[in-house]
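> can't give you the sequence, but here's the structure:
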């Protein structure tokens, strides 16, 4: 067992079973649905299918980050056990949660001056953030020190690519990521915007592709363009989706045919409440290790 704890937030969109199996403690974000507050507890309180149905039925959603006090309460038991901590947060380009985590760490360092508490900005989201955590867990299990793991995270977080598209623009329009005029035209023409996450951890529209099958192929083309060794890529690939498993499986099948040296099958996870409250249903996201992300 390592002498430190690797932890993250629920917005990393892997499963509860995954985190338990890999011994990765998780702190929960919060969301509001139809006026009721819930924990983003990976679908236990509100399963993804119910979340997106209620959103489509008109219930408003809001999300809130983990507070400084919650981080302190989350971190302190590990410090009491004599463990150091490396905690990875949702991208600072999407949330201010890293500020709360840093404040909690500073407060606790005064109480536990002999312990290390490292807070890492993933510059990622959803299962792309989870992809970085997965790589870090592999290294932790190989006996890498906490300082070596910190260096790895900082050097590799911008090599985790996030490419995604949506077949339903409703909530991109509501959230202001797509204008009402562009959204109306896009819906009529079947336009599926292709976006990615840039070097600042921000979501950036890159292309407008007409039709689900064409954008599915285009996202695989982007992986071939940016993945380590192109179509000879031998790393892992994760996909997350918001209540469109059939579409996610279609993209996964394309990837597995295109990248014969892939490390295992594509792993598919549901998009959780924190990210899903903003995307709504119909979003497919692909994550892999590749060249350096740029603006």
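Structure's in. What do you need? This is a predicted model, so every value here is computed, not measured.
> in this structure, which residue is closest to the centre?
In the chain, the residue lying closest to the centroid (C-alpha atoms, centre = their mean) is residue 126, at 1.6 Å.
> Contacts only, for that residue.
11, 12, 13, 162, 240, 271, 272, 275, 285, 287 (C-beta atoms under 8 Å, 6 or more residues apart in numbering). C-beta here means a position set from N, CA and C on the backbone, and glycine is covered the same way.
> Quick check: strands, which of these are part of them?
In this view, the contacts of residue 126 that belong to strands under DSSP state E are 162, 240, 285, 287.
> what about the strands in this structure?
Counting by DSSP E, the strands of the chain are 4-9, 26-27, 30-33, 36-39, 61-64, 84-89, 117-121, 160-166, 191-197, 203-210, 237-241, 267-270, 283-289.
> Buried ones in the fifth one, by neighbour count?
Within strand 61-64, the residues scored as buried using 16 or more other C-beta atoms under 10 Å are 61, 63.
> Name the strands paired with it and say parallel or antiparallel.
strand 30-33 (antiparallel) (DSSP bridges).
> Same question for the fourth one.
Sheet pairing of strand 36-39 (DSSP bridges) gives strand 30-33 (antiparallel).
> next one: the partner strand to chain centre, how far?
Centroid separation between strand 30-33 and its chain, computed with C-alpha atoms, centre = their mean, to the nearest Å, is 18 Å.
> what about the stretch 151-295 of the chain, any weak spots by pLDDT?
By pLDDT under 70, the low-scoring segments of the stretch 151-295 of the chain are 172-189.
> now the helices: where do they sit in it?
170-174, 180-189, 212-226, 245-258, 273-279 (DSSP state H, counting those that start in this stretch).
> swap in the stretch 1-150 of the chain?
16-22, 48-56, 68-80, 97-111, 126-141, 146-156.
> how far away is residue 223 from residue 246?
20 Å (C-beta to C-beta, to the nearest Å).
> now swap in residue 99 and tell me
Counting by C-beta to C-beta - residue 99 and residue 246 are separated by 39 Å.
> Between those two, which is the more surrounded one?
Between residue 99 and residue 246, counted using other C-beta atoms under 10 Å, residue 99 has the larger neighbour count: 14 against 7.
> domains for this structure, by residue range?
The chain breaks down into these domains under automatic domain parsing: 4-158, 159-289.
> distance between the ends of the first one?
The reference is to domain 4-158. 24 Å (C-alpha to C-alpha, to the nearest Å).
> how far does it sit from the chain's center?
10 Å.
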